[in-house]
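K.L.:
Give me a model of this one.
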Amino acid sequence: MKKTEIAIIFALLAPGFAFADQPTQTVGVDLYGRSYHHDLPAGQRDKLNEANIGYALWLEARTGRHAWKAEAGTFLNSYYDQAYWVGGQYRYKLFRYFEPGLMVRHWETENGTYPEKAFNKYATVTVPLTERVSVSAIVRPSGYIAYLSVGF
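P.N.:
Numbering: from 1, shown residues only. Down below sits the predicted model:
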């Protein structure tokens with residue numbers, strides 16, 4: 001990853017860490033475990049790995065209804081290729097159990113199954129279950145990736 005790509009990620013996340021009014025900071029882990037590809041017929045979907053087992057480590061700053069998250073992670077993607085990413089996320093607590101957001105990631109894979117792009121952006125939906133545990137989904141044009149987040 002180029003230095004400019006890293007700088008852009010941190011520029012997106014800086015407001016949450018630098019300008020937040022007394023933010024609470026949490027570290028945690030995301031446990032990945034499921035994807036669904038609605039853009040493919042069932043026969044083609046059956047050839048994919050929709051388990052997507054993996055994890056991400058993250059740091060989050062939250063102030064009021066706003067949350068900023070920096071993360072790095074890996075999982076076995078839908079094409080049985082090990083995927084790695086770094087990125088950031090912004091979420092807004094709209095309701096007690098509903099936080100829509102925007103995620104930006106830089107992806108790389110061992111066998112090149114993802115197109116080479118500096119960044120990919122995704123909508124996210126998060127459902128907080130407790131103060132430290134939530135369930136989320138990344139919403140992509142081709143489908144969804146679900147994961148469980150646990151803060152420490």
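
K.L.:
as a whole number, average confidence for stretch 42-61?
P.N.:
For stretch 42-61, mean pLDDT is 90.

K.L.:
Buried ones in that stretch, by neighbour count?
P.N.:
Using 16 or more other C-beta atoms under 10 Å as the test for burial, stretch 42-61 gives R45, L48, N52, G54, A56, W58, L59, E60, A61. All C-beta atoms are positioned from the backbone trio N, CA, C, and that covers glycine.

K.L.:
Which strand runs longest in this protein?
P.N.:
strand 24-36 (DSSP state E).

K.L.:
Show the residue spans covered by the strands in the chain.
P.N.:
24-36, 54-63, 66-76, 82-92, 99-109, 120-128, 133-140, 143-151.

K.L.:
for the protein, where's the lowest mean pLDDT among helices and strands?
P.N.:
In the chain, no helix or strand scores lower on mean pLDDT, DSSP states H and E than helix 3-18, which sits at a mean of 58.

K.L.:
ok, the residue of the chain positioned farthest from its centre - contacts?
P.N.:
Largest separation from the mean C-alpha position in the chain: G43, at 27.7 Å (C-alpha atoms, centre = their mean). With contact set as C-beta atoms under 8 Å, 6 or more residues apart in numbering, G43 has no partners.

K.L.:
For it, give its distance to L129.
P.N.:
35 Å (C-beta to C-beta, to the nearest Å).

K.L.:
Next: E108.
P.N.:
The gap separating E108 from L129 is 31 Å, by C-beta to C-beta.

K.L.:
More neighbours: the two, which one.
P.N.:
The residue with more neighbours, out of E108 and L129, is E108; 14 against 11, by other C-beta atoms under 10 Å.

K.L.:
pLDDT at the more buried one, what is it?
P.N.:
94.
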